[in-house]
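Colleague: Quick check, what structure comes out for this input:
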Amino acid sequence: METRIATLNDIKALCPLLTEFFTYNAGLQPLYNSEAVEDGEYPKIIIEGDNSDFLIAVDNGAVVGFIHIEQMKTQPYNSVVQHNYAEIIAFMVTASHRAHGVGTKLLDAAKEWSKERNLDYIELISMINADDANLFYDKKGFKTVSYIRRQML
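Modeller: Alright, predicted model coming up:
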């Protein structure tokens, strides 16, 4: 298995994984996420962008996982310590390849991607009821530093 930055040639293989990711998220939080079929526009925009990439895991020619990662900056306020950081926007490994080290390899690739850009840290938002994902993030050393709270109107 290899990890690498996706190219435009990988879009067709990414689309079913993104569709699966959207379905998973919709199942966890249907009030905020809906099922959608990826047509290729989303990965195309990311792949062509300057500050973002899809990192993919490829096993026997098949894409079996991905991380959408973006370079970010903290808000430019005097009260905020300035940081350049990486944000993981989306992260998924196909069900058949979970618990086989694919997620770890993708996360290692994300760390390398971030170090090459001299970024300070990696950040992500995960759904509170994504138990397996949150357990994985805990094991990999991610710390909770804030909460997102909502009040319905």
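
Colleague: Going by C-alpha atoms from here, please, whenever you check contacts or count neighbours.
Modeller: OK.

Colleague: Need the residues that contact the lowest-mean-pLDDT helix or strand in the chain.
Modeller: Here the helix or strand of the chain ranked lowest by mean pLDDT, DSSP states H and E is helix 131-139, holding a mean of 90. With contacts defined as Cα atoms under 8 Å, 6 or more residues apart in numbering, helix 131-139 is touched by 126, 128.

Colleague: So what's the gap between that helix and the chain middle?
Modeller: Remark: helix 131-139 is offset 14 Å from the chain centroid, using Cα atoms, centre = their mean, to the nearest Å.

Colleague: what about Phe72, helix or strand, and which?
Modeller: Quick fix: residue 72 is Met, not Phe. strand 62-73 (DSSP states H and E).

Colleague: Please disregard the earlier target; I meant Pro76.
Modeller: Counting by DSSP H and E, Pro76 is found in no helix or strand.

Colleague: if I pick it, what's in contact with it?
Modeller: Gln82.

Colleague: If we use 10 Å, what do you get?
Modeller: 82-83 (Cα atoms under 10 Å, 6 or more residues apart in numbering).

Colleague: give me phi/psi at it?
Modeller: phi -90, psi 50 (degrees, to the nearest 10).

Colleague: So in that sheet, which strands flank the strand holding Met72, and in what orientation?
Modeller: strand 52-59 (antiparallel), strand 84-93 (antiparallel) (DSSP bridges).

Colleague: neighbours of Val145, just the number please.
Modeller: For Val145, the count of nearby residues is 6 (other Cα atoms under 10 Å).

Colleague: Ile67 reaches Leu106, doesn't it?
Modeller: Yes: counting by Cα atoms under 10 Å, Ile67 sits close enough to Leu106 to count as a contact (6.8 Å).

Colleague: and the helix ranked longest in the chain, which residues are buried?
Modeller: Ordering each helix of the chain by length in residues (DSSP state H) puts helix 11-28 first. Across helix 11-28, burial judged by 16 or more other Cα atoms under 10 Å covers 11, 14-18, 20-26, 28.

Colleague: got a markdown table for these, with distance to Phe54 and pLDDT too?
Modeller: Shown next, in a markdown table, are the buried residues of helix 11-28 (distance: Cα to Cα, whole Å; pLDDT from 0 to 100):
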| residue | distance to Phe54 | pLDDT |
| --- | --- | --- |
| Ile11 | 10 | 97 |
| Leu14 | 9 | 96 |
| Cys15 | 12 | 97 |
| Pro16 | 14 | 96 |
| Leu17 | 12 | 96 |
| Leu18 | 11 | 97 |
| Glu20 | 16 | 94 |
| Phe21 | 14 | 94 |
| Phe22 | 16 | 96 |
| Thr23 | 19 | 94 |
| Tyr24 | 19 | 92 |
| Asn25 | 18 | 93 |
| Ala26 | 21 | 95 |
| Leu28 | 23 | 91 |
